[in-house]
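In: next one to model:
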Amino acid sequence: MQQLELTIEGMTCSGCARGIEARFADKAGIKEVQVSYEQGKGRVIYDPARISADEIVAIVEQGGHYRVVARSERPADGPDEQSFDLIIIGGGSAAFSAAIRAEELGLRTLMINDGLPIGGTCVNVGCVPSKHLIRAAETAWHARHSRFPAIRPRGAETDYGRLIRDELALVAEMRQKKYLDVVSDFRHLTIVQGRAVFEDAHTVVVDGAQRYRALKVLVATGARPNVPAIEGLEAVGYHTNRTLFALEEQPSSMTVMGAGYVGLEIAQAWNRLGTRVRIIEFTDRVLRSQTPDLSAEIAGQLEAEGIEILPNFRAFLFEKKDGITRIHCKCPDGSTTVLEEPGIVLVATGIRPNTDGLGLEQVGVRLDARGHVQVDDRMRTSVPHIFAAGDVANTPAYVYTAALEGKVAVENAFTSTDSRIDYRALPWVVFTDPQVAGVGLDEAQAAQQGLPHEVRTLPLSEVPRSIAARDTRGFIKLIRNPENDLLLGARIVAAEGGELVQALAMAIRHDIPVSELASSLYPYLTLSEGIKLAALTFHKDVHKLSCCAG
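Out: Numbers count the residues shown, from 1 in each chain. Below is the predicted model of the structure:
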């Protein structure tokens, strides 16, 4: 016998509860039904060999008066500590968001964490430590550089070891406050440490010993740095973001492999802290997923700060001799060269989903060519009761998308809501200085999709705030559909440009016309005024406008 607990919406009196109970009077396989109008709950004990949980829910909802918004199931003869409503494999942002929603729904939940400490990539080796160190490096940089001729900074002394120790202390504090403390009083959550492997579609085995079974499973195992298989790389030793942020001895120099957002953020920060930095990129430019104008703008800034960038260089052999790492590279012209690195090598060549060894293929969960779990917009996998969320899935790899996906997965697994995720207006930021931010489509993507589009780019030299701040690096670029005046996308390169992108994301999400962006009021001498000016460029020459004019 199984016990099915339901949360039911739509009851208006005790008579409604009695009416629902009456629907099961002649149903085969039903042993007991109790429905409470006051609690909005129902409990059904039934024989799963004769009637299914889905059939019970359909009986409650027949006629459209009532709706089951949450349900959980367990053996009717009492709680079994090895059986759960939900198993979450993973302990990062997606997993915790899912656990929070599951607790709200009263689901018996098991979280199985392995690899990184609780909190996953973001709090331990990603967002929190990197942005802390980026800001610290920016402080040191401004203590030595001024954009105002009348101000002559006197420099800064950096205690690198303390900086790293302070960062690690912040990570520990955030992990405790934002993860462990959040779930400390959860009545229905159990957390275990170990590696989970699917034994069958409802059962996982942890560390080859303990078996756990659940009605539904959420795979939220995240991702790890992708380390290319280059001869000698393992032998000479290298760092990734998982090790660099704990390195208390400052490297004198660093070669960064990869010019994506992780590589660029770290390269600039460590260069500003006093490490000599070189970037090797195997494609033709930095931030290769973006249009060339963004790549050129940020590359120019990094080079102006003394960072060497080597595009179209492909490393094929690493050797170490006399403490010097020798990196053999194929050059853009086809020749080869050897780069010497007396400091450290940082690998920042993307991420790899943590799906290997989980047994997903054996239970029918489909993966894409890169190993990510394939999900739909409801976070469902190819197996109906198995969901996936976060960096392990074939969705955008951000901490805020992971958190949303974990919540949506639980809602779709255990309630009758039909929650879907639309990433059409997804904002993102690269935390270099200037920052690179975007939302929606760029002009190349719009063209690829066959969408009518036109582009306007406003240099920050036209934005009063930037002029007054003596910092006109970058631009604001808007891509709109001229047929309906709606924003298709935006790209920004600006100091604190990430603070602008949310307004443009809201414009896309809520179909706000570009003309509305142009006619709205913006405080004078704010960077956000640049949005207005960029919107005006579709119909006006901003060079001929006075201050504040529209």
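
In: per-domain residue ranges of the protein.
Out: 2-77, 84-224+353-414, 233-349, 427-544 (automatic domain parsing).

In: who wins for proximity to I421 among the ones you listed?
Out: Closest approach to I421 among the domains of the chain (CB to CB): domain 84-224+353-414, 5.2 Å. From N, CA and C alone the C-beta is placed, and that goes for glycine too.

In: now do the helices in the stretch 301-450 of the chain.
Out: In the stretch 301-450 of the chain, the helices defined using DSSP state H, counting those that start in this stretch lie at 399-414, 443-448.

In: ditto for the stretch 151-300 of the chain
Out: 160-175, 233-236, 241-244, 261-272, 292-304.

In: so which of these is the most packed in?
Out: helix 261-272 (a mean of 24; mean count of other CB atoms under 10 Å).

In: can I get it in CSV? Just the C-alpha atoms.
Out: Extracted C-alpha coordinates of helix 261-272, given in CSV (Å, rounded to 0.1, in the frame of the first residue of the first chain):
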residue,chain,number,x,y,z
TYR,A,261,34.9,35.4,-19.5
VAL,A,262,36.7,33.4,-16.8
GLY,A,263,40.0,33.8,-18.5
LEU,A,264,39.6,37.6,-19.1
GLU,A,265,38.3,38.3,-15.6
ILE,A,266,41.1,36.5,-13.9
ALA,A,267,43.8,37.9,-16.3
GLN,A,268,42.8,41.5,-15.6
ALA,A,269,42.5,41.1,-11.9
TRP,A,270,45.8,39.4,-11.4
ASN,A,271,47.5,41.8,-13.7
ARG,A,272,46.2,44.6,-11.6
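
In: from now on call the first residue 840
Out: All set: I'll call the first residue 840, so the last point we hit is now helix 1100-1111.

In: how about the domains of the chain in CSV, adding distance to R1259?
Out: Compiled in CSV, the domains of the chain are given as follows (distance: least, CB to CB, whole Å):
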stretch, distance to R1259
domain 841-916, 17
domain 923-1063+1192-1253, 4
domain 1072-1188, 25
domain 1266-1383, 14
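
In: make a markdown table out of the ones you listed and add mean pLDDT.
Out: Converted to a markdown table, these look like this (pLDDT from 0 to 100):
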| stretch | mean pLDDT |
| --- | --- |
| domain 841-916 | 90 |
| domain 923-1063+1192-1253 | 97 |
| domain 1072-1188 | 97 |
| domain 1266-1383 | 97 |
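
In: report the contact partners of the residue lying closest to E848 once chain neighbours are set aside.
Out: The shortest distance from E848 to any non-neighbouring residue, by CB to CB, 6 or more residues apart in numbering, is to R906 (4.7 Å). Taking CB atoms under 8 Å, 6 or more residues apart in numbering, we find R906 in contact with I847, E848, G849, E900, S1255.

In: spatially central residue in the chain, please.
Out: For the chain, Y1237 is the residue whose C-alpha lies nearest the centre (CA atoms, centre = their mean; 1.1 Å).

In: surely that one and W1267 touch.
Out: Yes. Counting by CB atoms under 8 Å, Y1237 touches W1267, with 6.6 Å between them.

In: what about the strands in the stretch 1240-1389 of the chain?
Out: All strands of the stretch 1240-1389 of the chain, identified by DSSP state E, counting those that start in this stretch, fall at 1266-1269, 1274-1279, 1293-1298, 1314-1320, 1325-1333.

In: could the ones you listed be laid out in CSV, adding mean neighbour count?
Out: Putting those into CSV (neighbours: other CB atoms under 10 Å) gives the following:
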stretch, mean neighbour count
strand 1266-1269, 20
strand 1274-1279, 25
strand 1293-1298, 17
strand 1314-1320, 23
strand 1325-1333, 25
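
In: so which of these is nearest G1182?
Out: Per CB to CB, nearest to G1182 of these: strand 1266-1269, 24.1 Å.

In: so which residues of the stretch 1040-1189 of the chain form strands?
Out: Applying DSSP E, counting those that start in this stretch to the stretch 1040-1189 of the chain gives strands spanning 1042-1045, 1049-1058, 1062-1064, 1092-1096, 1115-1120, 1147-1150, 1153-1160, 1163-1169, 1175-1180, 1183-1186.

In: tilt between the longest one and helix 1238-1253?
Out: Read it as strand 1049-1058. In terms of direction (axes from the mean of the first three to the mean of the last three CA atoms, to 10 degrees), strand 1049-1058 departs from helix 1238-1253 by 110 degrees.
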